[in-house]
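Have a look; sequence and predicted model below, questions after that.
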Amino acid sequence: RYLQAEKTMFQDSIALKNRHQKFIKTVSENGIVYGLKSKNGFATSSSTQFEDDNGNPIGMICFWAEKVRAKACAKDEWSKYKVTEIPLTEFIENWCVGMLNDGILIGTQFDQNLFGHEVEPLDLILELTSELKSTGKDLNFSKFNGIADLEDQVKAIIT
């Protein structure tokens, strides 16, 4: 029984990772990230994987690559939330950097049961820049001179 539970958790983590990889590819291709927004702000959750120094779950804002997937999560405690589009450049420059400064994680591709991939903002930026570079895309940032400059600055912070 214990092995079965562990096997299920492993399969779930693979599924979450695969959905996250699809998120990276889709938002890099389409240049749009979707969030759920209400008058009180964006849809948030608590990490199931990361805790702060006091043992409390770290906060997280959830994002999706497809409008339909985001809309499917606008139920229960998120029922008053509406899907909103965020351009990828704004997502990277303002959201990821801002969430880093606020100590908040990013949740990607959450499902209707509110299971999704949890990632640190700088790690997500590097995953996105890697995908964009592999497809030959560059973005027009207001705070960075293209993807290479962004990537260099993120790597300088991490090391």
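Everything's here; your move.

Give the helix, strand or coil label for the closest residue in space to G103 that isn't next to it in sequence.
Nearest residue to G103, sequence neighbours excluded (Cβ to Cβ, 6 or more residues apart in numbering): I58, at 6.9 Å. All C-beta spots, glycine's among them, are computed from the backbone N, C-alpha and C. Assigned state for I58: strand (three-state reduction, DSSP: H, G, I helix; E, B strand; the rest coil).

Starting from Q49, give me the distance back to I58.
The spacing between I58 and Q49, counted by Cβ to Cβ, to the nearest Å, is 9 Å.

more neighbours, the two?
Legend: neighbour count by other Cβ atoms under 10 Å for I58 and Q49, higher for I58 (15 against 12).

Distance of that one relative to K39?
On the measure of Cβ to Cβ, I58 and K39 end up 24 Å apart.

low-confidence ranges in this structure?
Within the chain, the ranges that satisfy pLDDT under 70 run 1-11.

Which stretches in it count as helices?
According to DSSP state H, the chain carries its helices in the segments 2-30, 67-72, 88-90, 97-102, 121-134, 146-158.

Would you mind saying which of the ones you listed lies nearest T44?
T44 lies closest to helix 97-102 among the helices of the chain, at 10.7 Å (Cβ to Cβ).

helices or strands next to that closest one in the packing?
If contacts are counted by 3 or more Cβ pairs under 8 Å, 6 or more residues apart in numbering; DSSP states H and E, helix 97-102 sits against helix 121-134.

Fine by me, we can end here.
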